[in-house]
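In: what would the 3D arrangement of this be:
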Amino acid sequence: MDDSGNSSRAGRVAFTYPDFSLYQLARFCIIAGLEMQSVAVGWQIYEITKRPLDLGLVGLAQFSPGILLFLASGQAADRLDRRKLLMGCYAGFGVCSCLLLFIALREMHAVLPIYAVVVLLGVVRAFNNPVSRALVPQIIPEEHLQNAIAWNSSVNQGATILGPSLGG
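Out: Numbers count the residues shown, from 1 in each chain. Below you'll find the predicted structure:
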């Protein structure tokens, strides 16, 4: 008897749960979109200042809130309703994207408003990362959690790799 059909399905068992599938689709779109947005913001800042140093400052503005808020964001992911917190993060990403669009459409030539939005994006990311990892055990039964965590990591890496290439 051939078990190859069962073993191939076993590798994708987490996707038999509709909530997990939708969650992974949303995560992929959010992460890829954020990565594409990061590339666009870097180009926008470079076009305004023509200084490579400012590209490094964009990265610093994005990731320093995560360093500063890692304890608070972990506590929030543990103590608050994870679904509501995640929806709040997704709403925060939307607000930041709208602010960046507004700045771009107004053709502002000041980088300070862009940096302010990028810092705000960093704050939202700081809360999004732990809550998005902590939510998986709530939507997948324990017997399939290992498979779901592997897929969660793969989706994250795939979106992180594809996002900048799509944005560039």
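In: helices and strands around the host helix or strand of Ala150, which ones?
Out: Assigned by DSSP states H and E, Ala150 belongs to helix 145-167. The helices and strands touching helix 145-167, judged by 3 or more CB pairs under 8 Å, 6 or more residues apart in numbering; DSSP states H and E, are helix 18-49, helix 112-139. Every C-beta, even on glycine, is put in place using the N, C-alpha and C of the backbone.
In: go through those helices and pick out the most buried.
Out: The highest mean neighbour count among these, using mean count of other CB atoms under 10 Å, belongs to helix 112-139: a mean of 19.
In: show me what that one is packed up against.
Out: Secondary-structure packing of helix 112-139 (3+ CB pairs under 8 Å, 6+ apart): helix 18-49, helix 52-79, helix 82-105, helix 145-167.
In: average pLDDT for it, rounded please.
Out: Taken as a whole, helix 112-139 has a mean pLDDT of 94.
In: so where's this structure shaky on pLDDT?
Out: 1-8 (pLDDT under 70).
In: let's see that with 80 instead.
Out: The model of the chain has pLDDT under 80 over residues 1-10, 167-168.
In: taking the centroid of it, which residue is nearest it?
Out: Centroid-nearest residue in the chain: Ile31, 3.7 Å away (criterion: CA atoms, centre = their mean).
In: how close does the closest residue to that one other than its chain neighbours get to Ile103?
Out: Closest residue to Ile31 apart from its sequence neighbours, by CB to CB, 6 or more residues apart in numbering: Ala159 at 3.6 Å. Ala159 sits 25 Å away from Ile103, going by CB to CB, to the nearest Å.
In: between these two, which has more neighbouring residues?
Out: Ala159 (21 against 18; other CB atoms under 10 Å).
In: what's near enough to touch that one?
Out: By CB atoms under 8 Å, 6 or more residues apart in numbering, the contact list for Ala159 reads Arg27, Phe28, Cys29, Ile30, Ile31, Ala32, Glu35.
In: just Thr49 next, same as before
Out: Applying CB under 8 Å, 6+ apart, one finds that Thr49 lies in contact with Val111.
In: try the one 5 residues further on
Out: By CB under 8 Å, 6+ apart, the residues touching Asp54 are Ile45, Tyr46, Val111.
In: wait, isn't the first one in contact with Val111?
Out: Yes. Judged on CB atoms under 8 Å, Ile45 makes contact with Val111 at a distance of 5.4 Å.
In: can you count the residues close to Leu105?
Out: Counted with other CB under 10 Å, residues neighbouring Leu105 total 8.
In: my bad, Ser97
Out: By the criterion of other CB under 10 Å, Ser97 has 15 neighbours.
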